[in-house]
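Asks: got a structure for you, letters missing:
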């Protein structure tokens, strides 16, 4: 099984650099099932991180090409490497291989593990109402307890392990004690790649869902089951289909 | 008051041509309030029509530039010229002038006029479940009766007034009698620009909401009230804000 | 276009007096679109203000006569002058001209401008649960953030501009910062007629929807589009229809 | 315990006459618990039946006086004698004795007896969407299977036992087999007073909830438990409270 | 009419003892309608109280036998004596006599008396999210204001009238003032049997629903109306039906 | 990683016999990830299949012992071998190792793959309303398109591969074309063990989710991520915790 983890930034050109791309590939490969090979690809262009719908929108056209190339290259699944699942519907229309949104995967897993979950987000994105709207669209809003933010830019999240760890501890406890959450969801891939999920979970005493591994394991699951997203739900665009 | 109706295709380069762009400008200007000047701009590039999330995604980056230019050019509001409101969240993050999604405007108006509405869509877009997800996100799903399709490509809709009129009559009656709808929403701007809304409404006996005029009148309303979308809901992307 | 703003009290006989009726007419006319003529009519009888379902119920029978007279007098639309939209369903059954509830109009507009809205109400009406029930009925409950009250009787609201302005500032900030609201709705026509909406909006930094202008502009929109409420949803009462 | 069944029409003056008023009192008294005395009062004025929101609105002012008189006369509870529960919120604001809406009682009982219920209504009232809105407001919409109508005026329902019985059999079977209902609710007090509920239930094989007895038994329950509606939810109108 | 109140513990063998069983029978009989005879039966085995889904699950098999025996013994209805309504769906499949869940009855009654209710629970059960899930299943979640706990084991609740009374006062006020509840529901039968409901209600000023009497009165209502749960919703298990 | 697939019947004693137990173990092991060892255990007692809430309730006490034994035996996760996830909340309270409900897993996976799903169930269980209630509790009801039944007892399903295959084809097409489903969920483990999922999916052209593999892969995912259900949501029963 071959899975592509498609970064949603030109990470080599950012402050995180090629080293981080390589580290993320390793992070994923280490957590992949035996027999599953994970590749990581970055974009040629685009913002250094996605902290708004605007930045998400900018990268979708290149993502469209990326998933089509992935299909031609024989990948079995593509994970869209941003918690906001940018362009998921569009990407799914274009290919028959599974396109997995790690945000949706993490949220659905959280919903299975407890009765109320909180999402912990980085800076940006518009707050509770925007997340609620997204969760209503996904059909998993019933168990949302709250959205709380670490109030750090994504690129800082990616480089400040200690600060994030501390903030997550505080915020997570507030989510549990004030918002009645019993599961937490890390709302940012860069948080997930810090490898602090278990530590946070132990400290707070509730499951913490890492969208990186949630996306990876969901992709493995879907491929292993011989499935992909429904082409009845995400049909090939009529003009492409005709051509 | 100056309102930009931003087409989401390079219409001059399509089979509809510059004449249709001019006609649509006239259509809008005729229906605009006194003192409201409407301009129509098309895109430089992109697909000839939007019949999928993929095509919607392709045009958003250019739309982002378009709304910023519109703000600089002194427009009071921009109407995004596609019923699917492509990129609405992204566009709203970028500017302080009102960005109006005619789909959302039409749906909210329909919800005010009756107790259940049906959306009549052109070819494409994935069907009932996709529309339901969008309406849940918008917060107007409670009154959705059904989604029915004329099963014609958008470009045919734009050019086959008679055929569309006939299909709308049939479909509308089914929506009313089988799905318990008491309001209909035309789910496509090209349908709206045919100028057949009143005729259909009279024939079927229920209000038919034209997204073209719903978007125009909502833009006028928002500007007249000195309002725009909330910047607390759609904040400037942090990296743009910092620069 | 002729629009009737139907007061829901015998305002000339109240402490507000004929002068306030005239002032409200001017307020509306100034904000009306060119070519739109607004008339204001008060009731012959009834309580001085509506601060309960009881008082709302008392005025509906006279409102029923008022909308029928308005239809006979050639008005194109009637705005029911109370945020609670008293008797809206009944009034709509009686006539074919548009009957607009400014509460519903304001709520639907708020839902279009942001992701969560708070309603700021005067004294009375039973609190959060009652508003929630109404919003569920209208189908716009998904984005409700909170209901907060200025705790002032309606007649005081109408006469104490300064006090209301101060209270709205405080309450609005609480709604934004504690309840995650990004749009505010003034839940009282007398608040709306104070002409303080923009000032409050600027101070708090989120859109503030004035139900007076929301109702007016919605009425203009509906008439301009050749629409009215659905007679399939609000049919003529069978016994009237038979006669 | 003394319970007032408050008719919502001047029944003595209608084609149903004083005899039907007396019959309904007997019907109720026969079904009342030992020690519970039921009185029936009609209105002095108003339409002969309620088949629209308009007619409902017309009777609420007199109902307001009626519940206040009932409280002064020492009744423990008032049942508002129409399935649409006209003016329930207003009436509850005025008194501390229990005001019971038989529609709400029947719907809540139906929700307890099965997993999906259908409402069978007489002529009028606007159809599925209007009922859905009401049920969302009441908070019992989740189990609504459908609304089906016998398409007979209320006064015919009251006098054509055989025809109603036959229609209910047909309609009920459709509700069960086509709409997946497992409980039926008679949506009209005149249906309930025909005394055919058990017969229909046996024929169709699912519970049929009679709003007449549901209202009566709920009133008895509330009084026996020393309860009434919440005055925190339905506070005395401020101006009445001050006086 | 004969009603069985089926305890969900072997109460004679617990610290509460046979005396409490007798007292509860008296408590119920005193509150029963004239002509209604209430019997109380305990289980032969099982935990001393139900404070978890685990303990609820343990008693359902014996409850299955108990309701079948009750049907053979000629009872008209069985009340399952735990607020969590353990095994309600299973029990209803087995018999045609009414099986009443007092939790569901109390929640539906609360929903009829106000606009938002809070549930006050004893120790255990998993908190807000678990209660929300249950209420969504029941279809009465729309009016839930909050869940607050007295944080006392059920057996302490049953024996410490004074402490419970004090805790309920505090908690109830918080529910009303902080959570906007206007009705309270005692979420534990042992609380209900303390006979403190009215006292708490008077002190806090909102209706307090006792699940003991709510269950009893609902059972009386259902039997008096000739109803029971729907066998279409709760069919006899196919293998039992075949035998 | 060691996973226990816990059958919910004494399968060796049923018509399916020890051979089927062995076959199911093989079925699972073949589909397990490398390094994952699956064991299958049956119950000592109980009905031959679960076709009702009653039968589900009967097996939960023994399942409680089984999951505790599984924890002692060092398993990393237990899959409860019935689509109805019998006793899931109870079982989760008792242990810290992951307890996976394959029904919930399949439903959440289906929700991720499309926009509307239909559940295809065997004989029994009470129909649409009962499934809807369960899905509301789980928080995944928004995308439910329909429930359709093959109308065959579970034990027949397990032995009549051809008949099931044919019925699934018919029913699945109806779900897609009449109910607007774009994903199907097999609502029965015995259907899942037939190994016909891919064949059905290919024939109908939409993803078909097999709860057997959905449960297995979800268990693997949860264990691989170092997670389990939340003990804050499913706390140890207080009396067990104290001992």
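Replies: Received it, and whenever you're ready, just let me know what you need. Computed from a predicted model, the values in this text were never measured in an experiment.

Asks: State the number of residues packed around the closest residue to residue A:82 other than its chain neighbours.
Replies: Counting by C-beta to C-beta, 6 or more residues apart in numbering or on different chains, the nearest residue to residue A:82 once its immediate chain neighbours are dropped is residue A:8, at 4.3 Å. For the C-beta atoms, the positions are set from N, CA and C on the backbone; glycine is no exception. For residue A:8, the neighbour count with other C-beta atoms under 10 Å in any protein chain shown is 28.

Asks: before we move on, what about residue A:173?
Replies: When neighbours are counted by other C-beta under 10 Å, residue A:173 registers 14.

Asks: cool, residue A:171 as well?
Replies: Here the count is done by other C-beta under 10 Å, and residue A:171 has 21 residues near it.

Asks: Can you pull the phi/psi pair for it?
Replies: phi -60, psi -40 (degrees, to the nearest 10).

Asks: hang on, isn't the residue nearest to residue A:82 packed against residue A:45?
Replies: No - if you go by C-beta atoms under 8 Å, residue A:8 and residue A:45 don't touch, sitting 11.3 Å apart.

Asks: Residue A:99 belongs to a helix, doesn't it?
Replies: No - secondary structure of residue A:99 (DSSP: H, G, I helix; E, B strand; the rest coil): strand, not part of a helix.

Asks: Could I get the contacting residues of it?
Replies: Neighbour list for residue A:99: A:67, A:77-78, A:80, A:88, A:91-92, A:228-229 [criterion: C-beta atoms under 8 Å, 6 or more residues apart in numbering or on different chains].

Asks: Redo those as a markdown table? Include distance to chain B, pLDDT and secondary structure.
Replies: As requested, those are exported to a markdown table (distance: C-beta to the nearest C-beta, whole Å; pLDDT from 0 to 100; DSSP: H, G, I helix; E, B strand; the rest coil):
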| residue | distance to chain B | pLDDT | secondary structure |
| --- | --- | --- | --- |
| A:67 | 10 | 98 | helix |
| A:77 | 19 | 98 | strand |
| A:78 | 15 | 98 | strand |
| A:80 | 12 | 98 | strand |
| A:88 | 8 | 98 | helix |
| A:91 | 8 | 98 | helix |
| A:92 | 8 | 98 | helix |
| A:228 | 15 | 98 | coil |
| A:229 | 11 | 98 | coil |
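
Asks: got these as CSV, with neighbour count columns?
Replies: Output for those, formatted as CSV (neighbours: other C-beta atoms under 10 Å in any protein chain shown):
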residue, neighbour count
A:67, 24
A:77, 29
A:78, 27
A:80, 30
A:88, 22
A:91, 28
A:92, 29
A:228, 20
A:229, 28
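
Asks: where does chain A have its least confident helix or strand?
Replies: helix A:238-242 (a mean of 85; mean pLDDT, DSSP states H and E).

Asks: same for it, what does it pack against?
Replies: Applying 3 or more C-beta pairs under 8 Å, 6 or more residues apart in numbering or on different chains; DSSP states H and E, one finds that helix A:238-242 contacts no other helix or strand.

Asks: Mind listing what's buried along that helix?
Replies: A:238-239 (16 or more other C-beta atoms under 10 Å in any protein chain shown).

Asks: what's the distance between whichever residue of chain A sits closest to chain D and residue F:84?
Replies: In chain A, the residue that lies nearest chain D is residue A:142 (11.8 Å; C-beta to the nearest C-beta). Here the criterion is C-beta to C-beta, to the nearest Å. By it, residue A:142 lies 20 Å from residue F:84.

Asks: what's the answer for residue A:189, then?
Replies: For residue A:189, the distance to residue F:84 (C-beta to C-beta) stands at 36 Å.

Asks: Please apply the same query to residue A:109.
Replies: From residue A:109 over to residue F:84 the distance is 21 Å, taken as C-beta to C-beta.

Asks: more crowded one of those two?
Replies: Neighbour tally, residue A:109 and residue F:84, criterion other C-beta under 10 Å: the higher count belongs to residue A:109, 29 against 25.

Asks: Pull up the distance across stretch A:77-90, start to finish.
Replies: Chord length of stretch A:77-90, first to last residue, is 15 Å (C-alpha to C-alpha, to the nearest Å).

Asks: How about the secondary structure of residue A:6?
Replies: Classified using three-state DSSP, residue A:6 is strand.

Asks: Count the neighbours of it for me.
Replies: 25.

Asks: Also the one 4 residues further on?
Replies: Other residues near residue A:10 come to 17 when the count uses other C-beta under 10 Å.

Asks: Likewise for the one 4 residues further on?
Replies: By the measure other C-beta under 10 Å, the count of residues near residue A:14 is 19.

Asks: give the contact list for it.
Replies: Applying C-beta under 8 Å, 6+ apart to residue A:14 gives the contacts A:48-49, A:155.

Asks: hmm, try it at 7 Å
Replies: Contact partners of residue A:14, counting by C-beta atoms under 7 Å, 6 or more residues apart in numbering or on different chains, are residue A:48.

Asks: Check residue A:35 too.
Replies: Residue A:35 makes contact with A:1, F:34 under the criterion C-beta under 7 Å, 6+ apart.

Asks: Against chain E, how distant is it?
Replies: As for residue A:35, its distance to chain E is 37 Å (criterion: C-beta to the nearest C-beta, to the nearest Å).

Asks: Relative to residue F:36, how far out is that residue?
Replies: Residue A:35 sits at a distance of 12 Å from residue F:36 (criterion: C-beta to C-beta).

Asks: can you pull out the strands in chain A?
Replies: Along chain A, the stretches classed as strands by DSSP state E are A:2-7, A:37-41, A:77-81, A:98-100, A:117-121, A:144-149, A:183-186, A:208-209.

Asks: and for the third one, what are the contacting residues?
Replies: Counting by C-beta under 7 Å, 6+ apart, the neighbours of strand A:77-81 from elsewhere in the structure are A:3-8, A:63, A:67, A:70, A:86, A:88, A:91, A:97-102, A:189, A:215-216, A:219, A:222-223.

Asks: Find the closest residue to chain E in chain A.
Replies: Closest contact between chain A and chain E, by C-beta to the nearest C-beta, is at residue A:115 (2.5 Å).

Asks: Count the residues that sit near that residue.
Replies: The local packing of residue A:115 (other C-beta under 10 Å) involves 29 other residues.

Asks: okay but it is in contact with residue E:133, surely?
Replies: Yes - in this structure residue A:115 lies within contact range of residue E:133 using C-beta atoms under 7 Å: 5.9 Å.

Asks: give me the low-pLDDT residue ranges for chain A?
Replies: Residue ranges of chain A with pLDDT under 70: A:125, A:243.

Asks: Domain ranges for it, per the record?
Replies: Following automatic domain parsing, chain A resolves into domains at A:2-101+A:215-235, A:103-211.

Asks: can I get the ones you listed in JSON lines with distance to residue D:176?
Replies: What follows is the domains of chain A, written out as JSON lines (distance: least, C-beta to C-beta, whole Å):
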{"stretch": "domain A:2-101+A:215-235", "distance to residue D:176": "30"}
{"stretch": "domain A:103-211", "distance to residue D:176": "28"}
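
Asks: residues in contact with residue A:201?
Replies: Counting by C-beta under 7 Å, 6+ apart, residue A:201 makes contact with A:207-208.
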